[in-house]
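Participant: One predicted model, sequence on top.
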Amino acid sequence: MASFPTDLRVAGVNPSDPLQVDDWVYRDEGHANIVIASRSSRDVLRLRKCEVPGVSPSPTHDVPQTKELDTSKWQQQLEYHNFVMRPLIGPKYVPSANLVQLPEGFVEAVNKACLSRRPAIRLNKAGDPSWRCGILLPDVALLPVISQGNPSSSATPVTNGVRGDVPVPSPPPTFCIELKPKWGFLPVSPHASSGNGVKYSHCRFCMFQHLKVSEGKWVRRSLYCPLDLFSGNPHRIRHALHSILQTPQNNIRILKDARQVFKADSNGMASTESWKALRAACSSLPEVLSVEDDKYYNVLPDEFKDQCPKQVCTLLHIVSKILLHDGTQGHHTLSERDWKTLRLIPVCQAGTFEQVWHASHVASPVEASPDDCSPSYSPDHVDVSPCGGVLASVRLAQMLDDMDIEGIVPLVKRLGALDSEVWEKWGLNGPYTDRAWTHLSTELGRRCEDADGGSEEFAVKKIRQFSAACTAKDCSIMVAFQLCKPGLCQPEDRVVEVSTTAGIQRYAYNIAVVDLDIKEFQRVKKYFVEDGQVVGHYVASCKSNGDVSQN
C-alpha cells in the first residue's frame, strides 16, 4: 500500500490549478471547518467557517463578502499541522497538507451547493469568504491508490475496468470508521485541588457526560470510556467500540466508499434511518468466528442487538484487530523508566467496562500488577499499553499536558494573564516553524521532571506543551480498510487476518489522524471554568447517589 506523500504537494492535485465548484461535494463539518471532497481526485478541502448573520440560520447563507486575500491565518494553521503535530504524532499517521488559493466566489458557491446536505444544527455557520484559501489533504476515508505489483510505482491509468491490456478486478468496498477518542489518560499532575481528587480515578470524558446530559446536550450518557480504547487490551477495546456505537454522540462516524452511512443525530443517538443504512452497508460482511465476541454479544441489550446484527459487529471486530495489529508496528524510543508509568492504563471508575466484563463471564484480561504505581491505580485493573501504533502516539501527545489545567492557569498568570503582546513576545501563537515548536516530540514522556524555579521560561515551555496536548485530545482517528483481492498488492505490515464464516479473510488498512487544529490561548480561561464545572457537577451528582469516592 502506498504511503502518504511526505512533501507539501498532495498526490493528483496541482495546488496552482483553478478549483471548479462542480468537482466538490459536501463531506462533513465541525464547529470551525467544513470539509468538501473532490469527485476527480482522492483529496478533501477544509474551509474555515464563520457565523451567519441573524439569530436564525440564513436560508441562502449570504455571508459578508470581502475582496481581501488573507492567507496568513491558514498559513499559520498549515505550519502548525505540518511542523508541530505531524512530527509529534508521526508522519505515518498525519498526512502532509497544502495551502491552496480559492477562486473569487468559490466559497459562496460551495455554501449554496452544500446547503441541502448540511445538518440543521450546523446552519448557524457557513464557509467564510474572507478566508480566500483552504487546506488540501488526502481523502483518508479511502485507501491510498496502489498499483499492481509494486505499491510504490506509478499506476497505469484504468479505463473501463482495464489497465493497459489487463482486466482489473473491481475493488471491494472500502469502509472507514472515524473515531474521536478524546482524553486517553488520567492526570499525572499533582496540582489538582483538594476537592478534585476524583480526577485521578475517573476520566474527564466520563465525568463530563453527567454535565452534558444535565444541560440537555445529550439525551443519554455515553457508555464509552477513552481509557478502554487506549488500553491495548483486546477486551477493553472491543467494549469501547461497541459502547461508542450504542451511544455514538459525536465520537464515531462510519463511511462506505467515502459515503456516510452512520452518524448520530443532534441528540447524540443514531436514528432508525442511520441504523438501517449501517445494516445495509454491512450486509455483505461475514460473521466473525470468535467465542469471546459471542460471549460479549450475548450480554448486549436486546434493543441494541435488534439494530446491530453480527455483520455490524464484524465491522467493529476488524477495527479492533487493526488497532491491535497497528500497536505492534514500531515503537517509541522512550526509556524503560519512562514507559514504566506512562503505559499504565487503569479501568476508569466511572466507566462501564467492569459491569459488562463480569456479565459476559470473560476471564479477567488484566494481568499486569506493576510495582511502584500511583495510589490511584488498582493492581487488579491496570493494563500496559502497546509501545507503538496510533493510539500510543496520540496518547503520548495528549500527555504533554503534565500540569493539568489547574497547574497551567498559574503559569498563564505568571506571564501576564492573556495579554496578546506577551504571547507574541514568547512565540506562543507562532511562528510554528520555530525550533521550540517543531521539537516538542523531545518532551514526550518526560513527566514534568523540570523543576519550576518560578521562571517565565518554564511557564512558556509548559503552556506550549499544553497547547499541543489540547489539539491531540480533540483529534480524530480515521481507520479505513478493504478486503484484499488477488491482483491487488498490499504491504504485509498493514494487513490483518480475520477468522470468519467465509474462512480466513485478509483486510488491508490505513490509519490517519486528522482535525489537528490550533487551540487558541484564549481558551485557557474557558478550560479552567469548565474543568471546575465538570468535576463539581460529577461529585455532587454522585454524592447524592452515594456511589463515588474522592480518594
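Facilitator: Okay, I see it. Residues are numbered from 1 along each chain as shown.
Participant: Low-confidence ranges, the stretch 1-150 of the chain, go.
Facilitator: Low-confidence segments of the stretch 1-150 of the chain (pLDDT under 70): 1-18, 54-71, 146-150.
Participant: what sits against I237?
Facilitator: By CB atoms under 8 Å, 6 or more residues apart in numbering, the residues touching I237 are D228, L229, S231, S320, L323, L324. For glycine as for every other residue, the C-beta is placed from the backbone atoms N, C-alpha and C.
Participant: do that again at 10 Å, thanks
Facilitator: With contact set as CB atoms under 10 Å, 6 or more residues apart in numbering, I237 has these partners: D228, L229, F230, S231, L316, V319, S320, K321, L323, L324, G327, L391.
Participant: again with L400
Facilitator: Counting by CB under 10 Å, 6+ apart, L400 makes contact with 88, 440-441, 443-446, 448, 462, 464-472.
Participant: rerun at 8 Å
Facilitator: Contacts of L400 (CB under 8 Å, 6+ apart): L440, E443, L444, Q465, F466, A468, A469, A472.
Participant: Kindly report the same for I244.
Facilitator: Residues in contact with I244 (CB under 8 Å, 6+ apart) are L179, S222, L223, Y224, L229, N251, I252.
Participant: just to revisit the earlier point, the contacts of I237 in helices, which ones?
Facilitator: Among the contacts of I237, the members falling in helices (DSSP state H) are D228, L229, F230, L316, V319, S320, K321, L323, L324, L391.
Participant: Identify the residue spatially nearest to the second one, adjacent ones excluded.
Facilitator: Same thing as L229. In space, not counting the residues next to it along the chain, L229 is nearest to A240; the distance is 3.9 Å by CB to CB, 6 or more residues apart in numbering.
Participant: got the buried residues for the helix or strand encompassing that neighbour?
Facilitator: Here A240, judged by DSSP states H and E, is contained in helix 234-246. Of the residues in helix 234-246, H235, R236, I237, R238, H239, A240, L241, H242, S243, I244, L245, Q246 count as buried by neighbour count, 16 or more other CB atoms under 10 Å.
Participant: again with stretch 474-485
Facilitator: For stretch 474-485, the neighbour count (16+ other CB under 10 Å) marks D474, C475, S476, I477, M478, V479, A480, F481, Q482, L483, C484 as buried.
Participant: Tell me which two of those sit farthest apart.
Facilitator: Largest separation among those by CB to CB: D474 and C484, giving 33.3 Å.
Participant: Could you pick out the buried ones from the contacts of L400?
Facilitator: The buried subset of the contacts of L400 (16+ other CB under 10 Å) comprises L440, E443, L444, Q465, F466, A468, A469, A472.
Participant: what's I463 in contact with, if anything?
Facilitator: Contacts for I463 (CB under 8 Å, 6+ apart) come out as I408, L411, V412, L415, L428, F521.
Participant: try 6 Å
Facilitator: By CB atoms under 6 Å, 6 or more residues apart in numbering, I463 lies in contact with L411.
Participant: Strands of the stretch 401-550 of the chain, start to end?
Facilitator: Listed in chain order, the strands found in the stretch 401-550 of the chain under DSSP state E, counting those that start in this stretch are 476-483, 495-500, 503-514.
Participant: Now do the shortest one: everything it contacts.
Facilitator: Applying CB under 6 Å, 6+ apart, the set of residues contacting strand 495-500 from outside is P286, V288, L289, I318, K321, I322, H325, I504, Q505, R506, Y507, A508.
Participant: Kindly present these as JSON lines, with separate columns for neighbour count.
Facilitator: Below are these laid out as JSON lines (neighbours: other CB atoms under 10 Å):
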{"residue": "P286", "neighbour count": "15"}
{"residue": "V288", "neighbour count": "23"}
{"residue": "L289", "neighbour count": "15"}
{"residue": "I318", "neighbour count": "23"}
{"residue": "K321", "neighbour count": "21"}
{"residue": "I322", "neighbour count": "25"}
{"residue": "H325", "neighbour count": "17"}
{"residue": "I504", "neighbour count": "9"}
{"residue": "Q505", "neighbour count": "18"}
{"residue": "R506", "neighbour count": "13"}
{"residue": "Y507", "neighbour count": "21"}
{"residue": "A508", "neighbour count": "24"}
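Participant: Out of those residues, which one has the lowest pLDDT?
Facilitator: Checking pLDDT across the contacts of strand 495-500, the minimum falls on L289 at 84.
Participant: For that residue, which non-adjacent residue is spatially closest?
Facilitator: S499 (4.6 Å).
Participant: State the distance from that neighbour to K321.
Facilitator: To K321, S499 is 10 Å away according to CB to CB, to the nearest Å.
Participant: Kindly state the beta-bridge partners for the residue most central in space within the chain.
Facilitator: Nearest to the geometric centre of the chain sits S476, at 1.7 Å (CA atoms, centre = their mean). Counting by DSSP bridges, S476 is bridged to V514.
Participant: Next, the buried residues of the longest helix anywhere in the chain.
Facilitator: The longest helix of the chain (DSSP H) is helix 523-545. By neighbour count on 16+ other CB under 10 Å, the buried set for helix 523-545 is V524, D531, V534, V535, H537, Y538, V539, S541, C542.
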